[in-house]
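Based on what follows, work out the 3D shape:
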Amino acid sequence: MAETQGPVDRIVTSGTFRLDGGEWEVDNNVWIVGNERTAIVIDAAHDAEEIARALGDRELMAVVCTHAHNDHINAAAELADLADAPILLHPDDAELWAMVYPDREPDAPLLHGEWLQAGDVELEVLHTPGHSPGAVCLHAPGIGTVFTGDTLFQGGPGATGRSFSDYPTIVSSIRTHLLSLAPETVVLTGHGDSTTIGAEAANLQE
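As a prediction, the model looks like this:
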């Protein structure tokens, strides 16, 4: 079921995260950002039909991937095909993407500093490597929100114990690109509950 807060809807979908030969059952936050006419989907996870139902009659402008771990992209192609929408991904995650979609490439790159339009909401792409090489966050200053994927959670940085990840890099990304945001900025994450930049800045103090 979708939860709506202003221009942002959250859907929680469930499935399996696979990497390095392991499997973990996970719940993913799927974010729909826009207005009553158009929207983007951030991290199309596990269930394209459920996401499409939550979109309703809105035109899907893009499927935006914060990174290319399978649990964040495994519904991206089906949803994009259903809605005739492009898939956007940072090019540094091409190798992870190809593990899920060896015969299909994303439609366009997400690049640091570019802006996306989602209904009435503007989002700035922030390249925040560490959890994966091409991880990005999406800052929407007009609504005081940042979508962090698996870069920053309630309680600290995302996991860095598997292939393609690096702890010093993720901490540097968070300090450089996220902790500089207003402390009251709401952090909407790839899994679990929301937090704020101020709360996580306190957690990351040396």
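
So which elements touch the helix or strand hosting R53?
Here R53, judged by DSSP states H and E, is contained in helix 48-55. For helix 48-55, the packing partners by 3 or more C-beta pairs under 8 Å, 6 or more residues apart in numbering; DSSP states H and E come out as strand 8-19, strand 22-34, strand 38-42, helix 76-83. No exception for glycine: its C-beta is placed from N, CA and C like everyone else's.

Kindly reformat those as TSV containing distance to R104.
Shown next, in TSV, are the helices and strands packed on helix 48-55 (distance: least, C-beta to C-beta, whole Å):
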stretch	distance to R104
strand 8-19	18
strand 22-34	20
strand 38-42	17
helix 76-83	6
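
so what secondary structure elements neighbour the very next helix or strand once past the helix holding R53?
Scanning forward in sequence from helix 48-55 by DSSP H and E, the next helix or strand is strand 59-64. Packed against strand 59-64 by the contact rule (3+ C-beta pairs under 8 Å, 6+ apart) you find strand 38-42, helix 76-83, strand 87-89, strand 115-118.

re the thing from before, what about the helix holding R53, average pLDDT?
Here helix 48-55 scores 97 as its mean pLDDT.

Same question for that helix: list its buried residues.
A48, E50, I51, A52, A54, L55 (16 or more other C-beta atoms under 10 Å).

Might you list the low-confidence residue ranges for this protein?
Across the chain, the ranges flagged by pLDDT under 70 are 1-5, 206.

swap the cut-off to 80 and go again
Along the chain, segments meeting pLDDT under 80 span 1-6, 205-206.

contacting residues around the residue nearest to Y167 when sequence neighbours are not counted?
Take Y167 and drop its neighbours on the chain: the residue closest to it by C-beta to C-beta, 6 or more residues apart in numbering is T160, 4.2 Å away. The contact partners of T160, by C-beta atoms under 8 Å, 6 or more residues apart in numbering, come to G130, H131, D166, Y167, T169, I170.

Apply 6 Å and report the result again.
The contact partners of T160, by C-beta atoms under 6 Å, 6 or more residues apart in numbering, come to D166, Y167, I170.

pretty sure S173 contacts L126?
No. Counting by C-beta atoms under 6 Å, L126 is not a contact partner of S173; they are 8.2 Å apart.

circling back to that earlier point, nearest to M99 among the contacts of T160?
M99 lies nearest to D166 out of those, by C-beta to C-beta, at 18.4 Å.

List the contacts of that closest one.
D166 makes contact with G130, T160, according to C-beta under 6 Å, 6+ apart.
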